[in-house]
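Student: Test case, fold it:
(one chain, ligands or ions: 1)
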Amino acid sequence: MSRFFSSRFASLEAYTPGEQPQDQSYTKLNTNESPYPPSPATVAAVTETELNKLNLYSDPTGRRLREALAELYGLQRENVILANGSDEILSFAFMAFADKETPVAFPAISYGFYPVYADLYGLEATKVPLLPDFSVDVEALAAAKGMIVIANPNAPTGIALSLDKIEYLLKSDRDRIVLVDEAYVDFGAESALPLLQKYDNLLIIRTYSKSRSMAGARLGFAFGSPEIIADLETIRYSTNPYNLDRLALLLGEAAVKDDGYYKRNCEKIAATRAAAEKRLKEMGFTMTPSTTNFLFVKHPAVSGETLYLGLKERGVLVRHFNKPLIQDYLRITVGTPEQMETLFAAIADMLSKTAPKGV
Ligand code: PMP
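Tutor: Residues are numbered from 1 along each chain as shown. Model (predicted):
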């Protein structure tokens, strides 16, 4: 830390992203990317003509992409905001809707960026423990003060809440925002979108990084009432109005037009997930019920860290969180069937050689 760094941030613990090795030598199942590339029609949107327009700024209103998303999801353009990844919208929301008087509440085990944003903006945060089965404690969240932030399905557990639970949170105090981070919703959970007409305190955040195969393009979006979206736009225009570059906007629009391709990929991933669950259970793993593109698994004989390191040694990267309650779990992204075979072979090799836990 330099002597110039503001004392406000002296104890800030920054978010640690998953490993992103740049040499492609790993079977990469650690950051929940899609194993499939964007569709050919999406990639074709970045023509040489478009590249040659990079001397010009992008459209700060993102109008075309917002309209395309609004049409796809049955909304108005005023219900949609775009950002540089959904992380950026989360940042806008923590900045816009919480302060000294309005704290935030989120599950104690959830997406690791929530506590980071709470710290960054100096917010009081209630971290609500999960229930013993790792599901979100809706009653305790409803009883907490301030903005509620949940990932649905939750990460890294993969467990989804039903819509009536989300509605319960929305009703618990109609004068607070309930932010539902739907990064993984396209892989089989229910979206809170139908509740948007009824609840003006709902903010739904989505991303192109998972189901739309574009983690590298940094494209996130959110749905809310026109008033909530306008507040977020005020923050966006006060930080970086050109937060999306011309290419990301084009890619985003082309992907909306090719929605069927991405839906089919989600179906493929759900089928691979079901097959992987079966195989991993046969190898002795237990797991939470996932409606996402990842599995949260644990083996009775081998610690999470040993598994993580052993798999890495064998060229397979998965995510391990060295945190209380979940240190014996691995979060494994669902890849292609071939990538999963590589994973199973590495696990089988490890299990045949690893001494049981505690020995
Ligand atoms: N929310 C959740 C629950 C996530 O797991 C992620 C991915 N790390 C994000 C948001 C952020 O995604 P992105 O910024 O790539 O849109």
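
Student: quick one: the helices in the protein?
Tutor: 40-43, 48-51, 63-73, 86-97, 113-120, 138-143, 163-172, 226-239, 246-257, 259-282, 304-313, 337-353 (DSSP state H).

Student: Kindly compare burial across those helices and name the winner.
Tutor: helix 86-97 (a mean of 23; mean count of other C-beta atoms under 10 Å). Every residue, glycine included, has its C-beta placed from N, CA and C.

Student: Quick one: distance of it to the chain centre.
Tutor: How far helix 86-97 lies from its chain's middle: 14 Å, per C-alpha atoms, centre = their mean, to the nearest Å.

Student: when you scan it, is anything in it near the ligand?
Tutor: Yes. Legend: contact between helix 86-97 and the ligand by C-beta under 6 Å from any ligand atom is shown at 86-87.

Student: For the protein, what lies in contact range of the ligand?
Tutor: 85-87, 111, 151, 155, 181, 183, 207, 209, 215, 220.

Student: let's see 8 Å
Tutor: 17-18, 31-32, 84-88, 90, 110-111, 113, 151, 154-156, 181, 183-184, 205, 207-210, 215, 218-220 (C-beta under 8 Å from any ligand atom).

Student: Quick check on those residues: which are buried?
Tutor: 18, 31-32, 84-88, 90, 110-111, 113, 151, 154-156, 181, 183-184, 205, 207-210, 215, 218-220 (16 or more other C-beta atoms under 10 Å).

Student: Compare the helices of the chain and give me the one nearest F9.
Tutor: Among those, helix 113-120 comes nearest to F9, with 7.6 Å by C-beta to C-beta.

Student: How about the stretch 1-150 of the chain: which residue is closest to the ligand?
Tutor: Residue of the stretch 1-150 of the chain nearest the ligand, by C-beta to the nearest ligand atom: G85 (2.9 Å).

Student: hang on, the earlier thing: mean pLDDT for the helices of the chain - can I get that in TSV?
Tutor: Listed next are these as TSV, based on pLDDT from 0 to 100:
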stretch	mean pLDDT
helix 40-43	98
helix 48-51	98
helix 63-73	98
helix 86-97	98
helix 113-120	98
helix 138-143	98
helix 163-172	98
helix 226-239	98
helix 246-257	98
helix 259-282	98
helix 304-313	96
helix 337-353	96
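
Student: Between those, which one is closest to T291.
Tutor: helix 259-282 (8.3 Å).

Student: now for that closest one, which elements pack on it?
Tutor: strand 286-287, strand 294-298, helix 337-353 (3 or more C-beta pairs under 8 Å, 6 or more residues apart in numbering; DSSP states H and E).

Student: would TSV of those with distance to Y262 be doable?
Tutor: Putting the helices and strands packed on helix 259-282 into TSV (distance: least, C-beta to C-beta, whole Å) gives the following:
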stretch	distance to Y262
strand 286-287	25
strand 294-298	17
helix 337-353	18
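
Student: can you tell which of those is closest to P40?
Tutor: P40 sits nearest to helix 337-353 of all the helices and strands packed on helix 259-282, at 20.6 Å, using C-beta to C-beta.

Student: Now do that closest one and helix 304-313, the angle between them.
Tutor: In terms of direction (axes from the mean of the first three to the mean of the last three C-alpha atoms, to 10 degrees), helix 337-353 departs from helix 304-313 by 120 degrees.

Student: So what touches helix 337-353?
Tutor: 27, 29, 35, 272, 275-276, 279-280, 283-284, 299, 301-302, 307, 310-311, 314-316, 318, 332, 334-335 (C-beta atoms under 8 Å, 6 or more residues apart in numbering).

Student: Contacts only, for V178.
Tutor: 147-148, 150, 166, 169-170, 199, 201-203.

Student: Of the residues you listed, which belong to strands?
Tutor: 147-148, 150, 202-203 (DSSP state E).

Student: what sits against the closest residue to R63 other than its chain neighbours?
Tutor: Spatially, and ignoring its direct neighbours in sequence, R63 is nearest to R77 (7.0 Å; C-beta to C-beta, 6 or more residues apart in numbering). For R77, the contacting residues are 63, 66-67, 70, by C-beta under 8 Å, 6+ apart.

Student: 6 Å - rerun?
Tutor: By C-beta atoms under 6 Å, 6 or more residues apart in numbering, the contact set of R77 is 66-67, 70.
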